[in-house]
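K.L.:
build me a structure from this.
(chains A and B)
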Amino acid sequence: MLWTHNAGNDKELGVVRQIIDDFNASQATFKVEYQAFPQGAYNDSVVAAAAAKKLPCLLDIDGPNVPNWAWAKYLQPLDMPENRFADQLPSTVGKYDGKVYSFGFYDVALSMITRKSTLSRYGIRVPTLKQPWSGAEFTAAITKIKSSGDFDYPLDLNTGATGEWWPYGYSPFLQSFGGDLVDRSSYTTASGALNGAPALAWAKWFQGLAADGMVAKKSGQDPAVDFTNGKTAISWNGSWAADTVTAKFDDVLFLPPPDFGAGPKIGGGSWQWGMTSSCGSREGAQAYLNFARQTKYFVEFGKATGLIPASTTAAAQLPNYAPEGKYRVFLDLAGTAVVRPETPGYPYISSVFTKAAQDILNGADPKQTLDKAVTDIDNNIKQNDNYRS
Amino acid sequence: MTATPQSPTAGPRATPARPLTRRAAAHTLRAGLVLFFAAPLVFMAVSSLKPDGQIFSDTGTIKAFLPIGDVSLDNYRGVFERVPAAQFLLNSILISTVTVVAGLVINSLAAFALSRMRWRGRKVVLSAIIATLIVPFETLALPLLWWVNKLPWLTANGFQLTLTTGWLDTYQVQILPFIANAFSVYLFHQYFTSIPTELDEAARIEGAGFFTIYRRVVLPLSGPAIATVAILTFLPAWNSYLWPLMVVQSEDLRPVMVGIQYFFQLNVAWGQIMAYSTMITIPVLALFLAFQRSFVNSIASTGVKG
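P.N.:
Have a look, this model is predicted:
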């Protein structure tokens, strides 16, 4: 049995079905069946099934959860050498404790979405990945747009979203300031990374955006729609919104985020495939994963979803992602993505960071809030014996 | 002598003028409350007819509550293409109906035993039942999952019955744990206590046993309580979300609330969400409208707020 998070998403589920059908037709030893769950309910269903010892053999996993599920023994390492994934974006390979547990067919990338006409109207330079906006340049740009009064907000950071969006969307800014969610040299503390001087600078900047009216404290439910309706000038959004915005405007730009000192950063890691520890047919599961990892399926996922293909070979076969393709910028951005901390403690870190960032945006004292977040994260790591495997 | 121009109706006119003002104020207040509570439902139903872009551009204006602009049934068509909505509705109707009907029988019988029969320890038992109300379901969910995964069940294979273990991924796992309900027992108990015991004694003289008294005397007088328990049992059964997520894997056994997650993809289909929400709200509204008089009577007579 194979579980996937794609119920309600016919395009992506169609490719999963195609791979299963092809695999079942290619041999007679193993037979894969599938069950699709809606994405928003998927993790709860998997955790409940793990508690009841009813996990399937194969499942897909959201990238940041791989270390936690591996540590919790839901997953077992793949029997595939690491060099097998050499042509994949690093963010599409799930690792824990030096072993590969999962791989994905695609990734997504964040960018600053705006219109060329908007930037030229206010005399703002078009940045590139090599020459991104500096922090000061970015602040000057949104200040100029705000003073025109042409938009409800010059910048939309999608603050109305909930859950994993907060670390996915905002920890790259923190990293660009030089901070991080946790000290990645040991993964045993967040001290210094999340409450040092760079992190404090990020928190003050983030808070200032709302205080100065540059972003809404709680944005609309759909930033792409607000952008196409002319409510916002620059929208910090994912590559999944590309089709929506390009359908409305023919001069859309997908720009790299500003460089606040440590380079422009975006997050990485989307849905990946792995096999469970309780699988009664390890050979069958491994055979399926080996079969699925063909370039043609990377291409099919790219065609069906419009998302960034995980391998460069597949990208070359997709016009949008080939060199000079209209979405090639996402592939280039994804190549520089910072994966969320590869530690079993990440789900807890994610929830603490989300709460802290929300409090900061709503006016809480940045230093106290970050110190409290560090204390909570460090306590959790200690309580779990440093998440030793 | 000049007659003072005094209107003979001046006095009487002044008197009804105040009630009229009051009535107008009361009607205005009521109309305001109706608008306040109906607004989300109207917004939902109207938005279900609009494309996503228009839903957002209309938000914040009166247009959000009016079926104007690019109005169509496309979102409803989209719902049925994306989700097996009819199957989910049927599942929820089955699960909710069986839970309500079985809950009415079991909980009213328990309440009858606690309120009309004299036996040692009944007050302690009633207190223990009421005490369970303070335990939130979320704290019971995991232990309950463990239990239902170990419980036996008889499965029919043709004409042969087989004993299997585990209720996961079945209808019964969504129904049986929710039939016995402390709040329903308490509500029935309160209502039964208000029915004079002389009726029981009269029935007993006629030779009636406890079950006859329950069925022929107490239940026929308990319409409002039955309506209230039916509604208060139906609502959580219909809105059930966390438990089905945990115990049901097969798509053809899922209830309606899990179905709403089908629309939350990377690009959220807001119009379809509104259409689906409208569809799954209709049975709840219909049930309430059917029982509203009894519901209000019961709330008023028991002093319980649902």
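
K.L.:
the residue of the stretch 151-300 of chain A found nearest chain B - nearest residue in space that isn't next to it in sequence?
P.N.:
Here the stretch 151-300 of chain A gets closest to chain B at one residue, residue A:240, 3.7 Å apart by CB to the nearest CB. To be clear about C-beta, it is placed using only N, CA and C from the backbone, and glycine gets the same treatment. The spatial neighbour of residue A:240 that comes closest, neighbours along the chain excluded (CB to CB, 6 or more residues apart in numbering or on different chains), is residue B:266 at 3.7 Å.

K.L.:
ok, back up a step: assess the claim that the residue of the stretch 151-300 of chain A closest to chain B and residue A:109 are in contact.
P.N.:
No: if you go by CB atoms under 8 Å, residue A:240 and residue A:109 don't touch, sitting 9.6 Å apart.

K.L.:
settle it for me: which of the two has more neighbours?
P.N.:
residue A:109 (28 against 18; other CB atoms under 10 Å in any protein chain shown).

K.L.:
show me what contacts the residue of chain B found nearest chain A?
P.N.:
When scored by CB to the nearest CB, chain B has residue B:262 as its residue closest to chain A, at 2.9 Å. The contact partners of residue B:262, by CB atoms under 8 Å, 6 or more residues apart in numbering or on different chains, come to A:7, A:8, A:38, B:82, B:83.

K.L.:
need the three-state assignment for the nearest residue to the first one once chain neighbours are set aside.
P.N.:
The shortest distance from residue A:7 to any non-neighbouring residue, by CB to CB, 6+ apart, is to residue A:36 (3.9 Å). Reduced to three states with DSSP: H, G, I helix; E, B strand; the rest coil, the structure at residue A:36 is strand.

K.L.:
so residue A:36 sits against residue A:12, correct?
P.N.:
No: contact between residue A:36 and residue A:12 fails when scored by CB under 8 Å: they sit 9.7 Å apart.

K.L.:
just want to know which of these two has more residues nearby.
P.N.:
residue A:12 (25 against 21).

K.L.:
how close does residue B:284 sit to residue B:231?
P.N.:
9 Å (CB to CB, to the nearest Å).

K.L.:
more neighbours: these two, which one.
P.N.:
residue B:231 (20 against 15).

K.L.:
can you tell me the helix or strand for that one?
P.N.:
helix B:223-239 (DSSP states H and E).

K.L.:
tell me the mean pLDDT for that helix?
P.N.:
Averaging pLDDT along helix B:223-239 gives 92.

K.L.:
one more: stretch A:367-375?
P.N.:
pLDDT averaged over stretch A:367-375 gives 97.

K.L.:
return the per-residue confidence for residue A:186.
P.N.:
For residue A:186, pLDDT reads 93.

K.L.:
equivalent analysis for the one 5 residues further on, please.
P.N.:
Each residue has a pLDDT score; the one for residue A:191 is 97.

K.L.:
now it, what's its secondary structure?
P.N.:
On the basis of three-state DSSP, residue A:191 is classed as coil.

K.L.:
what about it, how many neighbours?
P.N.:
Around residue A:191 there are 15 residues (other CB under 10 Å).

K.L.:
would you confirm that it contacts residue A:182?
P.N.:
No: with contacts counted by CB under 8 Å, residue A:191 stays clear of residue A:182, the gap being 9.3 Å.

K.L.:
name the element residue B:75 belongs to?
P.N.:
Judged by DSSP H and E, residue B:75 forms part of helix B:74-82.

K.L.:
would you mark the buried spots in the helix holding residue B:231?
P.N.:
B:224-238 (16 or more other CB atoms under 10 Å in any protein chain shown).

K.L.:
so for stretch A:200-215, what gets flagged as buried?
P.N.:
Buried residues in stretch A:200-215, defined by neighbour count with 16+ other CB under 10 Å: A:200, A:201, A:202, A:203, A:205, A:206, A:207, A:209, A:210, A:214, A:215.

K.L.:
looking at the residues you listed, which are in helices?
P.N.:
If you go by DSSP state H, the buried residues of stretch A:200-215 have A:200, A:201, A:202, A:203, A:205, A:206, A:207, A:209, A:210 in helices.
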